[in-house]
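> return atomic coordinates for the entry below.
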Amino acid sequence: MPGWIEIIIRSVVFLIALFALSKGLGKKKLSHLTAFQYMLTIVIGGIVALSVVNPAAPVAYGLIALAIWFLIPFAAEFIALKSKRFRDVTKGKGTVLIQNGKIMEDNLKKERITTDDLLGQLRNNNVFTAADVEFAVMEANGDVNVLPKKENQPVTPKMLGTKVSPSKEPQTVIMDGKMLLEPLANASLNTKWLETELEKMNVSIENVFLGQVDSDGQLTVDLFDDKLTVPSPTEKPLLLATMKKCQADLEMFALETENEEAKALYQKNSERLQQAIDKLTPYVN
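Reported below is the predicted structural model:
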């Protein structure tokens, strides 16, 4: 067999083996690998390279070596799930870099982090002054997570005592000009509804690059042609405006009528509608 054909066959075999190994080891970004896992990827890459380009090495030997280097970390991951102590040894623990607003210089030296490195990590977390940090920790994978001081944290609706509408995962119902039936069913909608919404926008489904439905049932689309614009959804603002108009009409009727019974009825319903508007406003804005 010609050498180049053998290399092609070996490459395909080991590519399939590597794919199977990567699926077995789980999903993890390269930046989140521990030192042991990083070493593992280097060794596996070396085994594959030697087994592919060295015709004298039997393919079976290379696959056996890959299996061994897969089973050992797989067993280590399994034990780590069961044992906190073993997990601390193999994966490491987080290191506190800032606590109660004070930089822990000894921990910086321990992790070989310079002041510039620390400031750079803070900037990655949108913090530009170390004094604004309440707590910062370097995780085992090298990431630095930062908790700003209370007065420097972003204001949330909860802090303001404001109610907001709960939101769910948006459903992608159109992709590359094709309707996706399963996400549409997950949103408790049907194809007829989607066709009607597209007709309101004067858009055909073939021209839609991406279409999504939010938790309020509003459809937003992005077209293949970037020069075309689609009006924003108006259902919620229109609903609120209609309710406000009805409330204003009830107040006007109460002022215009001379019948005391009708006046009281109009006024009562106007107040009820105003209460409904106050409760609904956070959900439609």
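> now the strands: where do they sit in the stretch 51-200 of the chain?
Per DSSP state E, counting those that start in this stretch, the stretch 51-200 of the chain carries strands over the ranges 95-99, 102-103, 133-138, 144-148, 171-175, 178-179.
> reformat these as TSV; add mean pLDDT, mean neighbour count and distance to Lys158.
Every residue, glycine included, has its C-beta placed from N, CA and C. TSV is the format used below for those (pLDDT from 0 to 100; neighbours: other C-beta atoms under 10 Å; distance: least, C-beta to C-beta, whole Å):
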stretch	mean pLDDT	mean neighbour count	distance to Lys158
strand 95-99	91	18	25
strand 102-103	91	13	29
strand 133-138	92	20	18
strand 144-148	92	17	16
strand 171-175	92	20	27
strand 178-179	91	14	38
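> out of those strands, nearest to Leu239?
strand 171-175 (21.3 Å; C-beta to C-beta).
> okay, that closest one in CSV with CA atoms only?
The C-alpha trace of strand 171-175 is given here as CSV (Å, rounded to 0.1, in the frame of the first residue of the first chain):
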residue,chain,number,x,y,z
GLN,A,171,-38.0,30.7,20.8
THR,A,172,-36.4,30.8,17.4
VAL,A,173,-39.3,30.1,15.0
ILE,A,174,-37.6,31.0,11.7
MET,A,175,-34.1,30.3,10.7
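> what strands line up against that strand, and which way round?
strand 178-179 (antiparallel), strand 208-213 (antiparallel) (DSSP bridges).
> for Ser51, find the nearest of those strands.
The nearest among those, by C-beta to C-beta, is strand 178-179 at 42.2 Å.
> distance from the chain centre to the closest one, please.
24 Å (C-alpha atoms, centre = their mean, to the nearest Å).
> ok, now stretch 108-122?
Worked out by C-alpha atoms, centre = their mean, stretch 108-122 lies 28 Å from the chain centre.
> let the chain start at 44 from now.
From this message on, residue numbering opens at 44, which makes the last subject stretch 151-165.
> quick check: mean pLDDT of it?
Per-residue pLDDT over stretch 151-165 has a mean of 90.
> Thr263 contacts Gly254, doesn't it?
Yes. Between Thr263 and Gly254 there is a contact under C-beta atoms under 8 Å: 7.2 Å.
> for Leu223, see how far away the spatially most central residue of the chain is.
Centroid-nearest residue in the chain, with C-alpha atoms, centre = their mean: Glu212, separated by 10.0 Å. Per C-beta to C-beta, to the nearest Å, Glu212 is found 14 Å from Leu223.
> ok, now Ile90?
42 Å.
> of the two, who's got more company?
Ile90 (22 against 16; other C-beta atoms under 10 Å).
> so that one sits against Ala108, correct?
Yes. Between Ile90 and Ala108 there is a contact under C-beta under 8 Å: 5.0 Å.
> same question for the strand or helix carrying Glu314: list its buried residues.
Using DSSP states H and E, the element containing Glu314 is helix 303-327. By neighbour count on 16 or more other C-beta atoms under 10 Å, the buried set for helix 303-327 is Tyr309, Asn312, Ser313, Leu316, Gln317, Val327.
> wait, which of the residues you listed is closest to Lys134?
For the buried residues of helix 303-327, the nearest to Lys134 is Val327 (46.9 Å; C-beta to C-beta).
> where are the low-confidence patches of the stretch 144-293 of the chain?
207-209, 272-280 (pLDDT under 70).
> tally up the residues packed near the closest residue to Leu83 other than its chain neighbours, please.
Nearest in space to Leu83, with sequence neighbours left out and distances taken as C-beta to C-beta, 6 or more residues apart in numbering, is Pro116 at 5.4 Å. By other C-beta under 10 Å, 21 other residues sit near Pro116.
> quick check, Pro116 in contact with Gln80.
Yes. At 6.9 Å, Pro116 counts as touching Gln80 under the criterion of C-beta under 8 Å.
> quick one: contacts for the residue lying closest to Ser247 once chain neighbours are set aside?
Counting by C-beta to C-beta, 6+ apart, Ser247 lies nearest to Leu241, which is 6.9 Å off, once chain neighbours are set aside. By C-beta atoms under 8 Å, 6 or more residues apart in numbering, Leu241 lies in contact with Ser247, Ile248, Val251, Leu262, Val264.
> possible to save those as CSV with distance to Lys145?
Below are these laid out as CSV (distance: C-beta to C-beta, whole Å):
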residue, distance to Lys145
Ser247, 62
Ile248, 59
Val251, 54
Leu262, 51
Val264, 51
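> taking the residues you listed together, which two end up most distant?
Ser247 and Leu262 (14.0 Å).
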